[in-house]
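Colleague: sequence first, predicted coordinates after that:
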Amino acid sequence: MERHVIELYSADDIPRLKKKERRYTAAAVIFGVLTFAVCVLFCILSRTYDQKRMLLYTICASTIGGWVVISLAHFAVAEVRRAIAHTKAVLEGERNAVDGKFTLTNERLLVKRGVSMVRVNVAGAPRVTSLQLYDKKRSLFNAAKAVRAYSVHGFIAAYEEGEEDARN
Amino acid sequence: MRVIRKILSNLHRYVLWLLVSVLLWSWVFTFLNDTTAKRKVMLFVNVPAVDDAALEKALSAELPDGIKMIKVHPFEYAAFLADEADNADMYILSASDLAKNFDRLQVVPEDAFEGRALFTDGGEVYGVCVYDAESGKGAAQSFLDFVDQSGEHLYPNENYYLCFNKKSMHIGVWNDGRDSAAVSIAEKLLTLP
């Protein structure tokens, strides 16, 4: 029975992720600069208009703008950075083959450095009972057809597809 | 659900940024819009309600020489800046409050505000009447509300007086102050509708 390997990670992922990181960083910087400009504008207007109202507007603009920048930095940018680190670790790590019957669960895990994973149970494997699958690669992994997985540090880096009888 | 969890995990950052925003911009606004005590006349008002921004604007229409700004603060402001209350140039106080603060008030000559009711104690004048509780008439009533309408009865229904801090540098006609800007502003306040 013919098997073929499906790679979940590729070296092309890194430049794509870096581009995404630069885009999010630029968005955070632009938003921060715009927020600051709006606050400066309110400061200037405070000389003409009601000072207390202008102070209130400035604090509101600064707070909301700051929250958006914090969200971009801590959610979007940090997540992409973690994805880059995870991808590099998987690409550079040593692969171990794991054979068995794979079941994709709905159990989510947040591993060290905050990369979101889902658990994949492996029945019939001698030592390893479960592996972790990067949430973003979930759609690429077909647990029903998988007969062998290649894991790096417990993360599924690639898998082999085959028919039911190939497992036996 | 994941988004809410993420936001909650960063809650301390959001709260910290809120505090930084309030403190930073309050300081910037004070730095930009405030001036030294020499160029500022400060009025602290202890009445049930005051439209401080409008009163500042009305009093600032024509500033005396050497004065750059007039600040009007409700008295609860003193809870945050006690020094400023001590360093105010003028106060609007109820008769009962005034009686408790003789030690910080300037004695005013009897003829300083002709035709106006005065607050006297031991033959010395401490304040000029801005609101007469009996008639319900007073000065600057468009900006100052002398009747407690909150229902909490925090302010007694009594006369209110304009008085001067004896340490003020803007009552030079009565002490060794550098100018008499506070006196000019007081006269203006007494004529406001």
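Modeller: That came through, no problem.

Colleague: got the domain ranges for chain A?
Modeller: By the record's domain assignment, chain A is partitioned as A:9-92, A:94-163 (automatic domain parsing).

Colleague: within range of chain B, give me the residues from chain A.
Modeller: A:39, A:43, A:46-47, A:50-52, A:54-55, A:58-59, A:62-63, A:66-67, A:70-71, A:74-75 (C-beta under 8 Å from any C-beta of the partner chain). Glycine gets a C-beta too; all of them are placed from N, C-alpha and C.

Colleague: now which of those would you call buried?
Modeller: Neighbour-count burial (16 or more other C-beta atoms under 10 Å in any protein chain shown) applied to the residues of chain A next to chain B gives A:39, A:43, A:46, A:51, A:54-55, A:58-59, A:62-63, A:66-67, A:70-71, A:74.

Colleague: state the pair within the residues you listed that is farthest apart.
Modeller: Using C-beta to C-beta, these reach their maximum pairwise distance at A:Gln51 and A:His74, which is 33.6 Å.

Colleague: need the residues that contact stretch A:114-131.
Modeller: Residues from elsewhere that reach stretch A:114-131, judged by C-beta atoms under 8 Å, 6 or more residues apart in numbering or on different chains: A:78-79, A:82-83, A:86, A:98-111, A:132-135, A:138, A:141, A:143, A:149, A:151, A:154-156.

Colleague: where in the chain is pLDDT low?
Modeller: No chain in the question, so chain A it is. A:1-2, A:111-113, A:125-128, A:163-168 (pLDDT under 70).

Colleague: that's the wrong chain, I meant chain B
Modeller: Applying pLDDT under 70 to chain B flags residues B:1-2, B:77-82.

Colleague: which positions in chain B make contact with chain A?
Modeller: Contact residues, chain B versus chain A (C-beta under 8 Å from any C-beta): B:6-7, B:10, B:13-14, B:17-18, B:20-22, B:24-26, B:28-29, B:32-33, B:53.

Colleague: helices of chain B, start to end?
Modeller: Counting by DSSP state H, the segments of chain B that form helices are B:2-9, B:11-33, B:52-59, B:82-86, B:95-99, B:181-191.

Colleague: got the domain boundaries for chain B?
Modeller: B:1-33, B:36-191.

Colleague: okay, those in TSV with distance to A:His4 and mean neighbour count next?
Modeller: As requested, the domains of chain B are exported to TSV (distance: least, C-beta to C-beta, whole Å; neighbours: other C-beta atoms under 10 Å in any protein chain shown):
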stretch	distance to A:His4	mean neighbour count
domain B:1-33	34	13
domain B:36-191	72	17
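
Colleague: closest to A:Glu21 out of those?
Modeller: A:Glu21 sits nearest to domain B:1-33 of all those, at 17.9 Å, using C-beta to C-beta.
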